[in-house]
Structures are given as structure tokens and as C-alpha cells.
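Asker: pasted the sequence and its predicted model underneath.
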Amino acid sequence: MTGLAASATSSGEAVQFWILGVVAVCGALGTIMMKRAVHSALSLAGTMIVLAVFYLANGAYFLGVVQIVVYTGAIMMLFLFVVMLVGVTAADSLKETLKGQRWLAAGLGIGFGILLIAGIGNAALKEFNGLGEANAGGNVQNLAALIFTKYVFAFEITGALLITAVVGAMVLTHRERTERARTQRERSEARIREGKHVPPLPAPGVYARHNAVDIPGLLPDGTPSELTVNPTLRQRGQIRDVSGESLAELKALEQRSEDWLGRGSEDESKPSSSGGQAPKEHKEGAKK
Amino acid sequence: MNPVYYLYLAALLFTIGAAGVLIRRNAIVVFMCIELMLNACNLAFVVFSRMHGNLDGQIIAFFTMVVAAAEVVVGLAIIVSIFRTRHTASVDDASLMKL
Amino acid sequence: MENLIALLVAAPLVGAALLLCGGKRLDRTGAWIGSLFAVASFAVAAVLFADMLGKSAEDRAVHQHLFSWIPVGGFQADVGFQLDQLSMTFVLLITGVGSLIHIYSIGYMEHDERRRRFFGYLNLFLAAMLLLVLADNYLLLYVGWEGVGLASYLLIGFWQHKPSAATAAKKAFLVNRVGDVGLSIAIMLMFTTFGTFAFGPVLAATGDTSEGKLTAIGLMLLLAACGKSAQVPLQSWLGDAMEGPTPVSALIHAATMVTAGVYLITRSGAIFNAAPDAQTAVVAVGAVTLLFGAIVGCAKDDIKKALAGSTMSQIGYMILAAGLGPIGYAFAIMHLVTHGFFKAGLFLGAGSVMHGMNDEVDMRHYGGLRKYMPVTFVTFGLGYLAIIGFPGLSGFFSKDKIIEAAFAKGGTEGWILGGAALLGAAITAFYMTRVMLMTFFGEKRWAETPGAAAPGQQVQHPHESPKVMTIPMIVLAVGSVFAGALFSVNEAFVTWLEPVTSFAHGHSPLSATAITASTIVVLLIGVGLAWQMYGRKPVPAVAPRGSLLTRAARRDLLQDDFNHIVLVRGGEHLTRTLVYLDHSVVDGAVNGTAASMGGLSGRLRQLQSGFVRSYAVQMLGGAAVLVAATLLMRGV
Amino acid sequence: MADFSFPLLTATAAVPAIGAVATAAVPAAKRTAAKWLALLFSLATFVLAVVIAVRFRPGAEGPYQLTESHAWIQDFGVRYELGVDGIAVALIALTALLIPFVILAGWHDADPLESASDSGSAAGSNSRWRPTQGFFALILAVEAMVILSFEATDVFLFYIFFEAMLIPMYFLIGGFGDRAGAHGEEQAATQRSYAAVKFLLYNLAGGLIMLAAVIGLYAVTADQLGSGTFSLQQIVEARTSGKLDFGTGTERLLFLGFFFAFAVKAPLWPLHTWLPNAMGESTSPVAVLITAVVDKVGTFAMLRFCLQLFPEASSWATPVILVLALISVIYGALLAVGQRDIKRLIAYASISHFGFIILGIFAMTTQGQSGATLYMVNHGISTAALMLVAGFLITRRGSRLIADYGGVQKVAPVLAGTFLIGGLATLSLPGLAPFISEFLVLVGTFSRYPVIGIIASVGIVLAALYVLVLYQRTMTGPVKAKVEGMPDLRARELVVVAPLIALLLFLGVYPKPLTDIVNPAVDHTLSVVDKKDPKPAVRVDAVPGAGRPGHAVHDQEVEAAK
């Protein structure tokens, strides 16, 4: 392990670098290219894991672990939470609205990168005295020593910072109820007053043999009712419309009973065809 | 192999992140890109600490992580509250200095 | 005794203050108060005069230092008086004639409701004029110099409701200002040359000074004199100044103020003696003006304007004499005094005539008045005889001496000047006779009853003026008869002035008798000519078109038109363009800058789109620039 | 002075400041009380100024007296340093003298309009309501700042008040106008705000450039003296002892920085165009405040700071400045002739007079600079007299156009008389104070630059022209219909005008008290600039007034020259 931290880098590390480096870059590109926020988050997580490995490779064992735990563990999860929370319009079009913004961004980005690389290039970074003796007593212990001696002040301040952040987050997100919550009576009265849809909303899944929340209930004629499912789900397009399927199965049932009653078998293929199209609809419903 | 390549990689990631900040309109993704930039910096710090043979770089990277965590918390909170009022997370829509 | 000198100035000053700040309650008594103060200062003058006669010629000059006025570094201006023979002469003339005219005005201004202020102004004038002649340094003299200018401004424009009067007053002040600039520059030159501008040191130090500087000073003094004494080219104001009440014309624009120029030149004699070129300029101005004024005087039908022209020309004589140097100074002053008498008398006479004729000034509406106002006729006549230099009367002695001195200048110059002087005498005789005839002789060109009035004739009830007006006229007439003779008795006047204005006998190519004879001859020619034109045949009630010269002379030889076209119009155009430029260019430049700033900021505002990402782009650009800068710094 | 414990100078500046606060605090209903309070404070200030003048000993050692010095901002060597020389004393006296008259003259200028007074409290016409308290408080504030800037001997301290002055002036110009707008109150208001903004921008531009110069000065001193300082005295001493030496280039730049600000304030051609607007649109007391008090700070600062801090640069720039001043003299006079608006005419006349002042300052002769200082005082008084009477005239007729008047002399003789005297003072008639200063300036200029002196004296004639034309068009001639019922000066107005006229007469006849105070300061300035009066070509032995009182000054001058 200490060898890893030494100045002379093994060829193994080189291989590791070249492979994982490519992965990291791909992850980064994915982050900025992917259409859905979720995918961006995932690819970013990938990059971070790679970076964690690189930390380890550079002798920052503690950081490597922290990277995985805190970043990929905590922060990315936080991201995903928010994405889920906000994710309704998460799929934003990559079409540029600001004029010339994209070209400017590309140009500046490339120029900046070139500048940085040039800077690194002409910086004299030849000699490497590795972390051999720095990590002598163990990386974590030495870090701890530094944090609690040399950087103790900054450390305390970061503590304060974190507290502040927590409070801030609470203040920002916690919404104070300004008006008194309306009692059930009042709500019902209001519903009567506005007159449309007086009874409570119908539950989903009724009359269909499912009772999952994402399946609209069917009206007597078998068509699905919008009212029965949560609008958020509808908006996300995560409703499974089983109307067609259930109708087909109804038909198949009648067919079977007729068969069983020994009626004319002039229409054999129907149930198979209907049964054949049902799963397709099912899939579509799921995909929608 | 010369660890300077790590630095090149860091620069590359940083640039990509910056470009992302400029290009993406979704606030969350913008935040991610910022995280990406921070991470690039961290990588550079770690590599530097290896170069100089002392742990200060790592310490800085450590602090950076803490700050990044705090920043994400607050930032995301802000995004959520904006989303509540505007029903959108696009940074372009938040072009006025009022909610 | 010298402490009285301040009293001379103080008395009329107090009077002026009293009358101007006194308010309504002095309205009735104002006239008498003013006259009282004038007479008081005359009394003081008489006392001082008696005292001076008591002393020997050398220590007659008296000084009184009051206080240090403007002490700044090397620049030491004091308020101090110097009373020597020259000043004394003027003091007597000013206070004497001044008092008489005050008294005369009591009658003349009887019906003017603002006469309190009138007498206040008159007193103010007396004070300023006395200050002028009593000052012991040029700066204090300058104060008096402008003071009389102010007084004359106020008095010319006394009837301010008449726009013509207001304009005339303004014109007089402005033209005088031009002259005053000359005086102030002269004082500055003296200061830079001698380090002082007190009479004593300056005039003493002329010996060891470059002639060029002295010439410059002399010319500047001459400019001042031209302004104040209405000499060419600054004479244009005197004619219009007749807009003022007649006593003012008599006192200020005939007897005293206009002669200040002569006083200045005589006082600065030492400078002029050392600067021949300046002297030449002086005599040239004098000669030109005496002819100019005489010619103008011939053409005017307004009696006061005619007299004004004559004043101009008489002062031309004095300036000419003063320009002749030691041979002339004394005679200049002498003529000044005699002129003070008879010209004042003539003006008062004219005033009396106007008083009797409802302020009618056009001589073509007079005629045959001798029967109606005998006293006026007699006094005016005596003054007339005096001014044309009728043998035995004062004008004869003084003018004759000047002509003599002019010849005595010597060389062709002498001949030219002498000739001019003679010619002037002839013309004087002509126009004065003309005035006399048109006013008092011939058919009356007015009617006593409306019925008898022929077309173009006014109804007049001419009557003799009250005693309070006639008595001063009589006194002045007496003076104009005997003064000359009195002065000439074994050159009393010359010897009197000699200690101040060094005197030298001129040696003219012609004998004195010859000159006297020739003067009498030209005199007779002039009178005869006038008799021919105005005495024998009746005077037309409307002025005939007249010859080109006549018409030019009526318009002051076109000098005013020149002023109007060149100075007034030009000035108006200049100011108008400047006003425009100030608004459009000087101010416009600034406003333009402001506008362009506004435009620029409007353009810059586009950058602040409010889009976070465009800000981010700018940030990244800035970061890139910084990195590049760092690299370059490290690179080199 | 060590033996002098009571901070007289601070008190003199503090009294009006306190007065400003007190006046502003008076409740809105008690307008008259506010007026009297303001008047009271201004009079107290005047008393203090008189005390200063008495305490001040012309012959004493050292350039400044009654000095106070306290550390203020150590890090930048900024000290609270006050001190007066003769020039400052004269100008402080002038300021403290004029303010009571300004307040008296503006007694009713800030009253609510008749229409506003009845319906003022009601909604709508609040915009036309002029808060009286504010008006007088602002005037007092201006007085305090002006006095402090006359007293400050620390460049930074001076700069602060030099700039802060603009704020109350801005509101005075923009907020209060005489109801003589030709096209109604609304347009008058827009013109006012235009004038106020113009005033502010011009002076701010100058001030900012000066700020740069001030910082530069600090940098140089910090660089060369080790510790940077703004103290005028220290810098001058360091210069003379050779410890401090700006390079030629730096000195010239710094000089220009300072001079630009002062030239805007003064105002010098071509930076003058703000003055006519400001004076034309503001009420006549405010106009007097501008031209007679505030602008004097500019010329005063030229004398105290430009010349003493940067002698070489001053003498380097002299030719150009003299030419500009000459242009101002002639140009201002000519434009005054061309004006149709009484107040603008007076404004341009002031521009011409400021040209004279600057001429005198940069002629670098005793006469020139003493003359310039006297000129500041006399011009203050004479313009105050003329402008205030003009203001009375304008408020009577409700118009600023000369053409609207005529024959006033017949209906209001006293008003006409005072107006004429003010005008005569403006055209510097001998016997009135301005003559002395103007003549001194001309002599001083002439003795070193004859040609400029001669051209400048043309200004005398032009002055006569514009004054007399103004008087003739307004006061003489047949009585215009609108002028018929015009009342003569009231008691209050006489109280304002009479003392000014008396002062003009007194200083015209006996200016010695003033010259005695001013001369030593001028000699000190000249010794700093290291200039001597040109000696006359012919040495006349018999100098008049040798061994007389008033000749002592001459001896002092000789000593100072050593």
C-alpha cells in the first residue's frame, strides 16, 4: 500500500489510470449530456467512484473512503431525492434558449481547459517526493493530527458551517402554515358549494382485479376513469392502463364458458388474438 | 508514469464541469456539474499533496468536501423552494430577483 | 489752515448725502439746502484763497494727508489733498460757478417734483469735481474723475422717463469709461515705472525716465482727457448730453467737468514736456476738435446743441494750448476760466430762453425775443461778445493768447496750428452770431395768440425769468466781461500759475499786434457772413436741406453713424453669436458627453440579462483571462 | 496657538451646523419659529467670526493662527487640522456676514404657495409644498461646510467639506425656485432640476479628479517622507527644506488635478456653463449663496492649496491660466451684455469677475493676490446687493425677463436707487469697494504682464455697458403697465440691502482694516511660491506716506521678502 504512495508509480497504476481515467471522463460527459437528471446523477456517481479509487491510488486512503461514503453515499443520494421530488420536469430539452450561449460555453470551456493544461504543462512538476514518510504513522492518524492541531480552527469553523447549512436548509424548505387548516366540514361544504363532484373521489383499481394505486379504476363500460389515480402519477406517465387487458380477459372468459357449454367454435382465433394483444398493451401501459 | 497526468485529468474534468454549468438549464444538473468541478479540484489537491509529500493537500480536499456537502444541502433546499413557487427547476426561469 | 481743504470736499458731499437719503421731508427745502452747501464750500474756497494770497509764491502749495487708503506692498495709495495755485483756480471756478448755478436751478427746477434729488446730484458733482482737482495723486484723481462721470450720468438722465435722456446718459458714461481706461492704464504705467503715482514724485522723476514710457503715459492721459473733455475721437457724447436740464449743461458740460481733461494735461505737464510725441498728439487732437466742434456748432438748430458744439471747440482751444507746453499751459487755464464764465452764462441764458418758451429748443421757432426778455438778451449778448473774442472782453484776451502761442510753436507746425486757431475763431464768430440772430433778432417765428399762429408756428408767451435765475446770469456776464482783462493786467494770471505750470514766453513768427489784428479781422468776417445769411433775410422756420457739409454737420459729421454701424451693430452681432456659441458649443459639448454616456450605459445594460448562465459565462471568461494573465506573468 | 484653549474655529463651524439640525427639527407648523431660529444661529456665527477677526493678529509668527490639530485617521495621516491666515479670516467674515442677509432675503421664498397653503395638507399638491425648515437648515449647513473648508489646513479634511458642500447646494438649487417661471411651475421645476443636476455633475467631476490628485499627493508624501501626510504646513515645510520633492511630471499632474476642481467651482472659462443655469433657476438668496459664498471656496483654494503645494507647477501653468482668466473676463462680460434674463446676466457678470480674481491670483504679485482676496470679499458683497435687489424686483413682477420691466425708477425709486448702487459696485465705480480690488488686480497683472493687464481693462468698459443697459431697460423709460402698482422696498428688504451698501461704501473709502489682515498672508504665499514683485524701473526716493501709519505693512512685506 505504501508503495502506491511512493513517487515512483508502478505500471499497474498507469494501467489503472488510463482505464479508469477514460471512465471518469465518460462519466463527466454523461453528466452534462444526459437528458434526464437521474441519468446525469448516476453517471456523476460513477465518476466520483472512479475519483475515490484515484484518491486511494494517491495515498489518500481516508479521503478515498470519505469520497465514497460522503459523496457517492450521501450527496448523490440527496441529489436523487431532490430529483425525485422535483423530477416532474426533470427531463429538460437540451435545446439552447440563450443566443450563442452554447458556442460561448464550448469555446470558453475549451480555451480554459487548454489554458489549464498549458499551465500544468509549463509548471515544473518533475520531482515527486511521495507520501512515504507523510503516511508513515498511518494516513488517518496523520490527518487527524493535522486537523486537530494545525487546522483545528478551520475545522471548528467547518463545524459551524455545517450547522448553519442544516438550519438554512430547514428554513428554506420548511413552509410555515399561514392560514388555519380547514376542517373536514368546511371542506365538504366548499365542495357542495362549488357543486362539481360532490362525493369523494373513487378509489383506484376498483372493478378491476388489481388495486394498485397506479391503475385507474374502470367505469361500468370498461373505460378507465381519470379521477381514480393520483394526478402526479398521471403527470409522470406512470399509470398502467389495464382497461384493454381486462376487457380482453372478459371476452376470453365468456369464450371459455361458451366452449365449456359446447357452442359453435366458428371463431377460434379470437381469444388467442385478443390474448395476444393484451400483453402488448400491458407493456405500452407500463412504458407510457 | 508521471502523476502529472492526474492533474491533466483534473483539468479536463473541471473544464467539462464548467461547460456543463454553462450549458445545462436544469438547476439540479447545474449543481451536479459544480460538484464535478469541486471533485476535480479535490483530485488536484490530493495529487499535489502526493507531490509535496505532506498531507496539507488532503486536508484541504477534506475541507472542500465538507463545504461541498453544506453547499449542496443549502443549494438543493433553494432549488426546492424555487420549484415550489415556480413549478420549474430551470435556472433561466429564475431570471428575476424576485420569486 | 490746510485742514479746511477736506472741508471743501466734505461740504457738498454731506449735502449730497443729506438730500439723497433725506427722504420726502426734505422735498420742499431741498433746493435751498443744496445751494447752501455749495455756497458754503465756496466760502471755504474764498478763505483758502485769501490765505494763499497771503503767502509767497513758493510755499503756496499746501498738502493735507488724510489717511493711507490702499496700502499693499509697494502700492501705497493715500487719501491726500494738494492745494496749489492750479487747484485753487479750479476750486474757485467750480465752487463759484457751481454756487451760481445752484441758485439759478432753484428757479429753473421750481416745478420739478424730484428737484430734491436734482440738487443732491449737483452737490455730489461738486464734491467729485473738487476731489478731482484737489487730489494729490493720480489714483485719487481717478476717483474724482469717475465720480464726476457718475454725477453727469445721473444728471443727464435726470428726466429718466424720456428714453432719449436715459440713452444719452448711458452713452456719456460709456464713452467716458473708454477714456477712464486710458487713465487707469496710465496710472498702472506710472506704478510700474516709478513705483508710485503721487503727483510730487512722479512729476519730479520724469527727468530720468525713458521717453518711450513717458510717451505711452502721455498718450494714455490724452485718451482720458479726450473722453472727459469730449475731444475727437471721443466727443460724440457731448451733444446728446444736452438732454439733461440746462443748469447741468451749464455747470458740467460747459464750465467745469468737461475741462477736467485740460486740468489733467496741465497737471501732468512735466510728463508731456518730456514726451514731445505725446505733445504733438495733444495739439493735433486740440486743433482737430476746435474745428470739428465749430463746424458742428454752425449747423445745429437746437440752441443747446449749438452751444455744445461751441464748448467742444473752445475746449479744443484749451487742449491745443495745453499741448504747446510751458508756453501754453497758463493760457489754457486762463481760457478755461473765462470760458467757464461766458459759456456758463450763455447756457443759463439759453435755459432762461427755454424757460420762457415752454422748453422749446429749436432756434427756428425763436426770433425777436430781445424785447420780451431783456435781461436774458443783455447777459447772453455779453457772453456772445466774450466768446467770439470781441476786443476788451475776456474771451478776447484768452483766445488771442492761445492763437499767439499756437504760432509760437514754430515751424510749419506753428503755422498750421495758428491757422487752425484763426479759422476756428472765424467760425466761432459765425455760429455764435447765428445763434444770437436766430434767437433774439429778426422776425418772431411764433405767435402769441392761437389766431395769429401761421402753420408750423407755436403759441408762446415768452417772459423774463425770475430774479433767482437772472441774478446768476448777470454775475456771470460781469465775469465774462472783466475776467480776461483782470487776468491780463501785467500777466497776473500767468505769474499766479507759474510755480505750478512753468511758464515760458513763446516767440511767434508774427508780432503780437499782427496776430491780434488778424484775429479781429477773421472775427469781423465771421460776423459779417453770419449777418449776411441770418440777419438780412428772414430765417426759414423749417431747416432748409442745406449743403452736404451742413447735413453732415447736423449729424455731428457722421461720427455717431460710424459709432452705430461699427461699434453698436458689430457689438450686437458679436454678443449674439457668442450667446449662441456658449449655448451650442461650450455647453453643447458637455451635454453631448452626457448623452453619449447615457447611450453607452444603455448598451452595457444588455449584459445584465438576469440569466444566471450568461453571468456564469462572463465569470468563466474572467477566470480564463486571469489564468492567462498569470501564465503570461510567469512566462516572461 | 498654544495659549489659546477654546476651539474657536471649530465652534464657528459648529454653530451653524447645530443651527441646521435645530432648524430642521422645528415642527412643520411653526415655520416662522424656524426662520427666527435660523437667523439667530447665523447671527451667532457672525459674532464668532468677528471674534476670530479680532483675535487674529496680522503681525504674528507663522502662517496660521488659532490652529487646532487632532489626530483623526492615523493610518492615512489624516488630521483634523484647522487654522486661519488673513485670507481665510476675511472670507470667513464675508461668509458669516452674508448668511444672515441671505436668510432675511429668503424669508418668504420657502413659504408654501398660496394654492398649496390652503389645500396643502390635502392630497395632490404636496409636490409643490416647499418645506421651509429644510430651506433654512440647508443654508446653515452650507455655511458650516464653507467655513470649515476655509479653516481646514489638512488637504483631506478640506476635500471632504469641499465635496460635501454640493449636497445641500444641490437641494437648494433643485428644490426652491422663485415663482418666476415663464411657463408655469411644472416647467420651472424641470428646468430647476436640470440646473441642479448640471451643478452637481460639473462639481462632482471636478471633485473626483481632485480626489485622485489628493490620493496621489498622499502616495508621494508617503513615499518620500516615510509617513504619508495631508497637512498643508508639513508638506510646505518639507518642500522648502528639500526633504520632499515631487518630480516635475507628478507635480504638474497633481496641480492640474487640484486646479481643475477649483476651476470648475470658481468657475473659469470654459467650465462655467453650470453657473448661469444654477443662478438663473434658483431663488436669488440661493444664487447669492452660490456665487458669493460657495464659489469663493474655489478661488480661495487656488490661493491656499494650488500655489502653496505646487509652486513650480503653478508658475508652469500660469500663462495658460492667465489666458483662460482673460477669456473669462471678456467672454463673461460680452455674454452678460447679450442676456435677456436678469439673473443670468448677473451670473455672467460674476463669471467675468471670477476671471479677474483668478487673474490676480496667478499674476503672482502682492497687488494681484491682495487684490484677488479683496475681490472675493467685495464681489461677494456687491453681487449680494445687486442679486438680492434683483430678487426683490423679480418677486414683485413675477418675471426674470428684462423686457418685462421699464420705468420702475418712477414707481419704486428706493428700489431703483439700491439697484443702481449695486450695479455701480458691479462695474467697480471708484468710491465703492470693488473698485479697489479690481484696480489692484489690474495693477498687479499689469506690472508683470502688461498686455494682459491692458486687455483685461477692456472688461471695465464692458462692465459699464451691461450694467447700464440693464439699468436703463429695467428702471428708466416710460412705466410699463405691469409695473404700475409695484410697491417700493419694504422694511425687511431695506434691512437686507442698506447694510450691504454701507459696507460697500466703507470698504471703498477705508479698506485698510481688510488689507492689513490680508497682506501678511499674501506675502507668505508669495514667499512660498518664491516670487517677488517686479521692481519699478525708476526708483523714486520720495515714496508718499513714508513713516505714516499703514506703511508698517510695507515693512512687513520687506521682511517677508527676505
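Answerer: Sure thing, it's come through. Numbers count the residues shown, from 1 in each chain, chains lettered A, B, ... in the order given.
Asker: OK, contacts around the spatially most central residue of chain C?
Answerer: Centroid-nearest residue in chain C, with Cα atoms, centre = their mean: C:V258, separated by 3.1 Å. The contact partners of C:V258, by Cβ atoms under 8 Å, 6 or more residues apart in numbering or on different chains, come to C:228-230, C:238, C:252, C:311, C:315. Bear in mind the C-beta positions are built from the backbone N, C-alpha and C, glycine included.
Asker: equivalent analysis for A:I147, please.
Answerer: Listed by Cβ under 8 Å, 6+ apart, the contact partners of A:I147 are A:155, B:59, B:62.
Asker: now the residues you listed as CSV including pLDDT, secondary structure and neighbour count?
Answerer: Compiled in CSV, those are given as follows (pLDDT from 0 to 100; DSSP: H, G, I helix; E, B strand; the rest coil; neighbours: other Cβ atoms under 10 Å in any protein chain shown):
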residue, pLDDT, secondary structure, neighbour count
A:F155, 92, helix, 17
B:I59, 92, helix, 21
B:F62, 91, helix, 26
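Asker: any idea which of these is closest to chain D?
Answerer: Ranked by distance to chain D (Cβ to the nearest Cβ), those are led by A:F155 at 33.4 Å.
Asker: so that closest one versus B:F63, what's the distance?
Answerer: Distance of A:F155 to B:F63, given as Cβ to Cβ, to the nearest Å: 8 Å.
Asker: contacting residues for the residue of chain B found nearest chain C?
Answerer: Taking Cβ to the nearest Cβ, chain C has its nearest neighbour within chain B at B:S95, 3.9 Å off. With contact set as Cβ under 8 Å, 6+ apart, B:S95 has these partners: C:609-612.
Asker: confirm it sits in a strand?
Answerer: No: under DSSP: H, G, I helix; E, B strand; the rest coil, B:S95 sits outside any strand and is assigned coil.
Asker: next, it: phi, psi?
Answerer: As for B:S95, its main-chain torsions (degrees, to the nearest 10) stand at phi -100, psi 0.
Asker: flag the shaky bits of the stretch 1-150 of chain A, pLDDT-wise.
Answerer: For the stretch 1-150 of chain A, the stretches flagged by pLDDT under 70 are A:1-9, A:87-96, A:124-127.
Asker: at 50 instead, please
Answerer: Scanning the stretch 1-150 of chain A for pLDDT under 50 picks out A:1-5, A:90.
Asker: now the helices for it?
Answerer: When assigned using DSSP state H, counting those that start in this stretch, the helices of the stretch 1-150 of chain A occupy the ranges A:2-5, A:11-33, A:37-57, A:61-66, A:76-86, A:101-122, A:139-149.
Asker: including distance to D:I73, could the ones you listed go into a markdown table?
Answerer: Shown next, in a markdown table, are the helices of the stretch 1-150 of chain A (distance: least, Cβ to Cβ, whole Å):
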| stretch | distance to D:I73 |
| --- | --- |
| helix A:2-5 | 54 |
| helix A:11-33 | 52 |
| helix A:37-57 | 51 |
| helix A:61-66 | 48 |
| helix A:76-86 | 50 |
| helix A:101-122 | 42 |
| helix A:139-149 | 39 |
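Asker: give me whichever of those is most buried.
Answerer: helix A:37-57 (a mean of 23; mean count of other Cβ atoms under 10 Å in any protein chain shown).
Asker: ok, now how distant is the residue of the stretch 51-200 of chain A found nearest chain D from A:I147?
Answerer: Distance from chain D to each residue of the stretch 51-200 of chain A (Cβ to the nearest Cβ) is smallest for A:F153, at 27.0 Å. Taking Cβ to Cβ as the measure, A:F153 falls 10 Å from A:I147.
Asker: can you pull the phi/psi pair for the residue of the stretch 51-200 of chain A closest to chain D?
Answerer: A:F153 has phi and psi values of phi -60, psi -50 when expressed as degrees, to the nearest 10.
Asker: same check on C:A77?
Answerer: phi -100, psi 130.
Asker: how far away is it from C:V9?
Answerer: For C:A77, the distance to C:V9 equals 17 Å [Cβ to Cβ].
Asker: can you list the low-confidence ranges for the stretch 401-550 of chain C?
Answerer: Going by pLDDT under 50, which is the cut-off in play, the stretch 401-550 of chain C has no low-confidence ranges.
Asker: how about whichever strand or helix holds C:L632 against chain B, any contact?
Answerer: Using DSSP states H and E, C:L632 maps to helix C:612-635. Yes: judged by Cβ under 8 Å from any Cβ of the partner chain, helix C:612-635 and chain B are in contact via C:612-613, C:616-617, C:620.
Asker: residues in contact with that helix?
Answerer: A:98, A:101, A:104-105, A:108-109, A:111-112, A:115-116, A:118-119, A:122, B:18, B:21-22, B:25, B:91-92, B:94-95, C:607.
Asker: can you give me the neighbour number for the residue in chain D that chain B sits nearest to?
Answerer: Nearest residue of chain D to chain B (Cβ to the nearest Cβ) works out as D:V197 at 27.8 Å. By the measure other Cβ atoms under 10 Å in any protein chain shown, the count of residues near D:V197 is 16.
Asker: repeat for C:E113
Answerer: Neighbours of C:E113 (other Cβ under 10 Å): 8.
Asker: tell me the contacts of the closest residue to it other than its chain neighbours?
Answerer: Spatial nearest neighbour of C:E113, chain neighbours left out: C:D27 (7.5 Å); criterion: Cβ to Cβ, 6 or more residues apart in numbering or on different chains. By Cβ under 8 Å, 6+ apart, the contact set of C:D27 is C:113, C:115-116.
Asker: run the last query once more with 10 Å
Answerer: C:19, C:113-117 (Cβ atoms under 10 Å, 6 or more residues apart in numbering or on different chains).
Asker: for the stretch 351-500 of chain D, what spans make up the helices?
Answerer: D:366-397, D:408-411, D:413-426, D:433-448, D:450-475, D:491-509.
Asker: let's test this: mean pLDDT of the fourth one, rounded?
Answerer: Read that as helix D:433-448. For helix D:433-448, mean pLDDT is 91.
Asker: gap between it and the chain center?
Answerer: Distance of helix D:433-448 from the chain centroid (Cα atoms, centre = their mean, to the nearest Å) equals 18 Å.
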